[in-house]
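S.K.: The following block contains a protein sequence and its predicted model.
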Amino acid sequence: MKRTLLLVSIFLLTCFAVNAQQISGTVKDSKSEAVANVTVQALNTNLSTTTDANGNFELKNTTAGKLTLKFSAIGFATAVKVVEANQTLNIVLTESNSKLDEVTVSAQKTEENVQNIPASISTFSASKIVDYRIQNTRDLATIVPNLYSSNPGDGRNVTSIRGIGTTSYDPAIATYIDGVNQFGLDSYISSLFDVERIEVLRGPQGTLYGRNAMGGVINIITKQPTNVTSGFAGVDIGNYGQQRYSIGIRTPLIKDKLFFGAAGMYNKQNGFYTNEFNNTKFDKLHGFLGNYYLKFLASSKFDLTLNVKHNENRNNGTFPLASSIEEALANPFKLNQNSTTEMVDNLFNVSLSANYSGDDFNFNSQTAYQSNYRYYKQPIDGDFSPADIISIVNDYGKDYNKVQVYTQEFKFSSPASNQSKFKWVAGLYGFYQTNPVKQGSYFGADGAFYGAEPYTTAVNINSGKGLGLAAFAQLSYQVTEKITAIAGLRYDYEHKKLLASGEYLIPGYDPIVTQGDTSARANFNAISPKFSLAYAVAENNNIYASYTRGYRAGGITQLASDPTAKPLDAYKPEYSNNIEIGSKNTFFDQRLSLNVAAFYISVTDAQIPVLILPDALTTTRNAGKLTSKGIDLELSARPIRGLNVDYNFGYTDAKYKSLNLFKDGEMVNLAGNRQIYTPEITSMFALQYGYEINKAAKLNVIARGEWLFTGNQFYDLSNQVQQKGYNIYNAKIGFSAKNFDLFFWGRNLANKTYVDYAYDFGAAHLGNPKTYGVSLTGRF
């Protein structure tokens, strides 16, 4: 018996020794000096570590086969290496001011080098986010080719990519934060801080991301806690009373097991606009954003991450709009509104992520809940004038105007150590959404302008519910050493229900029912295929061609005072077919990258927004066909030590092949007109130079300048409301060290007055004027 136990023990120990692979090594700089605190991560696994004071590291319990390791540290260009288990490595990192990063992204739901993905993708590392001062998703406009994002006046960004834009509360550009789809304009967080990286995918991404990724995806990954305790505190002060304070900490609670992270940001601004009606600042705002992590590493193969985000915004003077573009440009940042109130915007997101990294497959479960409660404390001005004509009311309690979304995704993928020519990812996705909206149009003393009895209110109630299910799969096959083929398919099903009613309120009388309780249901489904072929011309030069199908969900028209629209009428999904060819290149030992893509998009059953006044509600119809074609170009270079050069160019020709709409009681043919919120050209050039003052403290003096150009665009389908092309100049100068940054910055230095967003009836919102200030960030 003892002999048997001994033999079994020896056998088990032998098996463990065989499976207990490890990778170790040393990281040095170009002068053969050890680099401490380098983060070493095995992509698509839970394995990570940091180098010690001598630059040594060790990854234990790795699987047999090949793994991709990423090495990143402050002041050095990120490096990516494919290695075998049980290797001892000697890694040399080059200073970031001499070489471009090797960028890894999760754009295809697995981590991989962005230059190897056959798609048009822009990426921003944590350092680039600081360089560009990206503090809101709207700041991505123009610095990403063919991307435009604007603020309609209430903080909900309207974004378009390659002519495919947001035309309703269901966006055409999907935004993901830490793996969670920010479901609609009412439930996503646009403010950014403590971000690890941003990925912008251009073109339809329906196969892996599903509904409303028809124009592309903005993928945001915030910084997560590790075994290394780190933290930061920042202060950003500027003119117009701008104040931004941030603080955060990430630390292990139990080394190698339990990790905690927390970060908070408070933002305040006195406002750009002056309301001449009462001579006060109009758009004063302040808000708080919190992001909290608790991560449990049960083993080297399994972890759980709980993430909570909440964002509370207050805006004293939402919709700072002039009544026309001409008025906005003639009297910039001045308006005359008789009704001013505070908008309350409370967002809450929580998610639980479970990850398993196995020898045969990887698995991820993402469970999430999102809510947003948005209302105006008092009626807001609906006519944007000093006259008391109409105001919008929506403070009817928490039973209304509170969006809630529940989502669940299960994802399986090939293991990180997969040595097969096949790589795959597949999964299931589901959501449930409730969106009860109650909004009234109050007619004041001058309400007769709309033919209404003064001091009365027309109320519309639209309570919507939605349920969706999807299945998706994508397979990559390495046909030869140089050729890779990718095929993917997704099936989406959605069920929507809308219950609507209306009433008219006259003081002293019982409510008059204008629309009895009426309900409608609709079902939608879509198949979204993807095919691409990539060819490696050389080790760092790839070309590709792809076909993808995009899909924007259908819906049900809200109840509104629109005589041309049938209440609760279903509108169909919008579909697009996208063809893209591109080339991705890196030259001169990672000192120059050049990526270029050409695209052609054909859209059928285009969903057209129609703003209904005086209700201030947007209805949607299928009314046209659209084509969009153009090119994206991105160039980054490190020509000499310390000099960074970035340039991009985007051209989009997006026009309607057919478009018939009612206007002024008549059917109008608008075929040939340009797409709205789509600049014909976007371009950006940035030059940054850093000079090292003290090597031990990693102290550098840095100067940076940026030029951004946004071309001609229209804000209405009739192409009458137009903004001509304009230039924006930004700059900053200061110091960066290992433990702090100090910068003086300026935005829109030429103080260019331009329209950022306009409605089809003419009301306009301006882009920000010249701003300047100082920012100080400390790190430990």
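M.R.: Perfect, I can see it now.
S.K.: Which residue ranges of the stretch 451-600 of the chain form strands?
M.R.: Taking DSSP state E, counting those that start in this stretch as the criterion, the stretch 451-600 of the chain carries its strands at 456-478, 483-505, 512-538, 541-552, 555-556, 570-571, 574-587, 592-612.
S.K.: tell me the mean pLDDT over the longest one?
M.R.: Averaging the model's pLDDT scores along strand 512-538 yields 93.
S.K.: Could you give me the buried positions within stretch 481-493?
M.R.: By 16 or more other C-beta atoms under 10 Å, the buried positions in stretch 481-493 come out as 484, 486, 488-490, 492. Where you see a C-beta, it was placed from the backbone N, CA and C, and this is true even at glycine.
S.K.: before we move on, the earlier item: most tightly packed of the strands of the stretch 451-600 of the chain?
M.R.: Most buried of those, by mean neighbour count (mean count of other C-beta atoms under 10 Å): strand 555-556, with a mean of 23.
S.K.: What pairs with that strand, parallel or antiparallel?
M.R.: Paired strands of strand 555-556, with direction, are strand 570-571 (antiparallel) (DSSP bridges).
S.K.: which outside residues touch the partner strand?
M.R.: 496, 520, 522, 554-557, 607, 620-622 (C-beta atoms under 8 Å, 6 or more residues apart in numbering).
S.K.: same thing but 7 Å
M.R.: 520, 522, 554-557, 607, 620-622 (C-beta atoms under 7 Å, 6 or more residues apart in numbering).
S.K.: What segments of the stretch 1-150 of the chain are strands?
M.R.: According to DSSP E, counting those that start in this stretch, the strands that the stretch 1-150 of the chain contains are 21-29, 39-42, 48-50, 56-62, 66-72, 79-84, 88-93, 104-105, 112-113, 120-125, 147-150.
S.K.: In terms of secondary structure, what does the first one contact?
M.R.: In this case it means strand 21-29. strand 56-62, strand 88-93 (3 or more C-beta pairs under 7 Å, 6 or more residues apart in numbering; DSSP states H and E).
S.K.: returning to what we had before: now the buried residues of stretch 481-493 as TSV including distance to Leu294 and pLDDT?
M.R.: Shown next, in TSV, are these (distance: C-beta to C-beta, whole Å; pLDDT from 0 to 100):
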residue	distance to Leu294	pLDDT
Thr484	38	96
Ile486	36	97
Gly488	34	96
Leu489	36	97
Arg490	32	96
Asp492	32	95
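S.K.: Test my guess that Gly762 contacts Val721.
M.R.: Yes: contact criterion C-beta atoms under 7 Å: Gly762 and Val721 qualify, at 6.1 Å.
S.K.: Name the residues contacting each of those two.
M.R.: Going by C-beta under 7 Å, 6+ apart, residues that sit against Gly762 and also against Val721 are Ile325.
S.K.: Just checking: what are the partner strands of the helix or strand hosting Gly734?
M.R.: Taking DSSP states H and E as the definition, one finds Gly734 inside strand 726-736. Strand pairing for strand 726-736, using DSSP bridges, gives strand 699-710 (antiparallel), strand 740-747 (antiparallel).
S.K.: got the contact list for the helix or strand Ser246 falls within?
M.R.: Taking DSSP H and E as the definition, Ser246 sits inside strand 243-254. Defining contact as C-beta under 7 Å, 6+ apart, one finds that strand 243-254 is touched by 193-194, 223, 225-227, 229-237, 258-268.
S.K.: Tell me the first helix or strand C-terminal of it.
M.R.: That would be, after strand 243-254 and using DSSP H and E, strand 258-269.
S.K.: Could you list every helix and strand in contact with that following strand?
M.R.: Using 3+ C-beta pairs under 7 Å, 6+ apart, the elements in contact with strand 258-269 are strand 243-254, strand 284-297.
S.K.: run the last query once more with 10 Å
M.R.: strand 230-238, strand 243-254, strand 284-297, strand 302-316 (3 or more C-beta pairs under 10 Å, 6 or more residues apart in numbering; DSSP states H and E).
S.K.: Centroid-nearest residue for this protein?
M.R.: Residue closest to the mean C-alpha point of the chain, counted by C-alpha atoms, centre = their mean, is Ile218 at 3.4 Å.
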